[in-house]
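K.L.:
Starting from these lines, generate the structure:
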Amino acid sequence: MHLDHSHEGPAAVGADALRPDGRRRALRVGLGGPVGSGKTATVAALCRTLRERHSLAVVTNDIYTREDAEFLLREAVLPPERIQAVETGACPHTAIRDDISANLEAVEDLEDAVGPLDLILVESGGDNLTATFSRGLVDAQIFVIDVAGGDDIPRKGGPGVTTADLLVINKTDLAPYVGSDLGRMARDAKEQRGELPVLFTSLKGQDGVAPVADWVRARLAAWTA
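P.N.:
Now for the predicted structure:
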């Protein structure tokens, strides 16, 4: 085990990118967002889309259960040995931002057991809008919200919305039924995030996760270049 908690700045592409044996470690992408926004469904869809061409694994975080990991196992999105659950015992954001040791251990155990890996997805449990990942844990972070939570969420901001490398506004198919204005959400997100990307998704549609998968592929290409 080779846990290193000292790295808190932007993700490095140097010694930090290498394992002790000199091999490049996997790109780590974190997914956070409120309860019910579709994080686990997004992880499942990404696994189905990326697994044919990339070697990947998943770490899930729940407070006292392994519910998200069990969902992924039932859906058979990856072999069981590539899915690992962390029971945080407290608010999930503490385990992705404050004391990241349990997640780092899970990530490194996966690389030791089933590596070499191209990508590890780290899914937080249900968070609020202040949740962010430690840069000592992940190299990039995706924040998932959904239209049913209210079209004022982008305007309210919060670190998850404003600073994540990618903001995903999910469940766009529900917008007509919950009175959410997608145009307004797009404008508010642009105002909060500037040039940082925003993607609208509906996982009910065919290839609904494709834009997010393309974004991950681009990050992978940059990571391995």
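K.L.:
Which residue would you name as the spatial centre of this structure?
P.N.:
With distances taken as CA atoms, centre = their mean, residue 31 lies nearest the centre of the chain, 1.9 Å away.
K.L.:
where do the strands sit along the chain?
P.N.:
Along the chain, the segments classed as strands by DSSP state E run 27-32, 56-62, 83-87, 119-123, 140-146, 166-170, 198-200.
K.L.:
List the contacts of the fourth one.
P.N.:
In this case it means strand 119-123. 26-32, 39-40, 43, 46-47, 50, 54-61, 68, 96, 103, 107, 110-111, 133, 137-138, 216, 220 (CB atoms under 8 Å, 6 or more residues apart in numbering). Bear in mind the C-beta positions are built from the backbone N, C-alpha and C, glycine included.
K.L.:
partners of it, with directions?
P.N.:
According to DSSP bridges, strand 119-123 forms sheet pairs with strand 27-32 (parallel), strand 56-62 (parallel).
K.L.:
And the helices in this protein?
P.N.:
Counting by DSSP state H, the chain forms helices over residues 39-50, 67-75, 92-93, 101-114, 153-156, 159-163, 175-178, 182-193, 210-224, given from the N-terminal end onward.
K.L.:
between those helices, which gets nearest to residue 81?
P.N.:
helix 101-114 (5.6 Å; CB to CB).
K.L.:
what helices or strands is the closest one leaning on?
P.N.:
strand 56-62, strand 83-87, strand 119-123 (3 or more CB pairs under 8 Å, 6 or more residues apart in numbering; DSSP states H and E).
K.L.:
how about a cut-off of 10 Å?
P.N.:
Under the contact definition 3 or more CB pairs under 10 Å, 6 or more residues apart in numbering; DSSP states H and E, helix 101-114 sits against strand 27-32, strand 56-62, strand 83-87, strand 119-123.
K.L.:
Show me which residues of that helix are buried.
P.N.:
When neighbours are counted by 16 or more other CB atoms under 10 Å, the buried residues of helix 101-114 are found to be 102-104, 106-108, 110-111, 114.
K.L.:
what about this structure, any weak spots by pLDDT?
P.N.:
By pLDDT under 70, the low-scoring segments of the chain are 1-15.
K.L.:
Residue 207 touches residue 45, doesn't it?
P.N.:
Yes - look at residue 207 against residue 45 with CB atoms under 10 Å: they come within range, at 9.1 Å.
K.L.:
Okay then, goodbye and thanks.
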